[in-house]
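Student: What follows is a predicted protein model with its sequence.
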Amino acid sequence: MSLDRADVEKIAHLARLALSESETERYALDLSNILGLVEAMGAVDTAGVTPMAHPLHMAQRLRADEPTEPDQRALFQSIAPLTEEGLYLVPRVIE
């Protein structure tokens, strides 16, 4: 896909950018090259390629999912102004 000068001017207007004449021509060429690269990447057959979450084969070290503090929910809710069925009640802010 190739962008011309009018396309770049329209994009610049929508983005509220002020471009000079030389910048408009340069951006038209740069954006056309980028879109050409995206088209070329889209044409590659990736049917047998498994998707990856990360380009490097690494495993993330995770800590054990264990509580580090005691459950104090009952204590905190005992000093709260209003609670109901384990939930804190707050005044309505949206009408």
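Tutor: Perfect, thanks for sending it.

Student: Quickly note the distance from residue 54 to residue 63.
Tutor: Using C-beta to C-beta, to the nearest Å, one obtains 20 Å as the distance from residue 54 to residue 63. The C-beta positions use only the backbone N, C-alpha and C, and glycine is treated the same way.

Student: What does the pLDDT read for residue 55?
Tutor: Residue 55 is assigned a predicted lDDT (pLDDT) of 78.

Student: that's a strand at it, yeah?
Tutor: No: assessed with DSSP: H, G, I helix; E, B strand; the rest coil, residue 55 is coil; it does not lie in a strand.

Student: how about it, phi and psi?
Tutor: With angles defined as degrees, to the nearest 10, residue 55 sits at phi -70, psi -20.

Student: now do residue 87
Tutor: Residue torsions, per degrees, to the nearest 10, at residue 87 are phi -110, psi 150.

Student: Could you tell me the per-residue confidence at it?
Tutor: For residue 87, the model assigns a pLDDT of 94.

Student: partner residues bridging it?
Tutor: With beta bridges defined as DSSP bridges, residue 87 has these partners: residue 84.

Student: need the helices for this structure, in chain order.
Tutor: Per DSSP state H, the chain carries helices over the ranges 5-14, 21-42, 73-78.

Student: can you pull the contacts of the residue most central in space within the chain?
Tutor: Closest residue to the average C-alpha location of the chain: residue 53 at 14.8 Å, with C-alpha atoms, centre = their mean. In this structure, residue 53 makes contact with no residue, judged by C-beta atoms under 8 Å, 6 or more residues apart in numbering.

Student: Let the chain start at 37 from now.
Tutor: Happy to do that; since the first residue is 37 now, the last one works out to residue 89.

Student: Over to it: give its phi and psi.
Tutor: Here the main-chain torsion angles of residue 89 (degrees, to the nearest 10) amount to phi -80, psi -20.

Student: ok, for residue 116, nearest residue in space, not its chain neighbours?
Tutor: Spatially, and ignoring its direct neighbours in sequence, residue 116 is nearest to residue 124 (5.6 Å; C-beta to C-beta, 6 or more residues apart in numbering).
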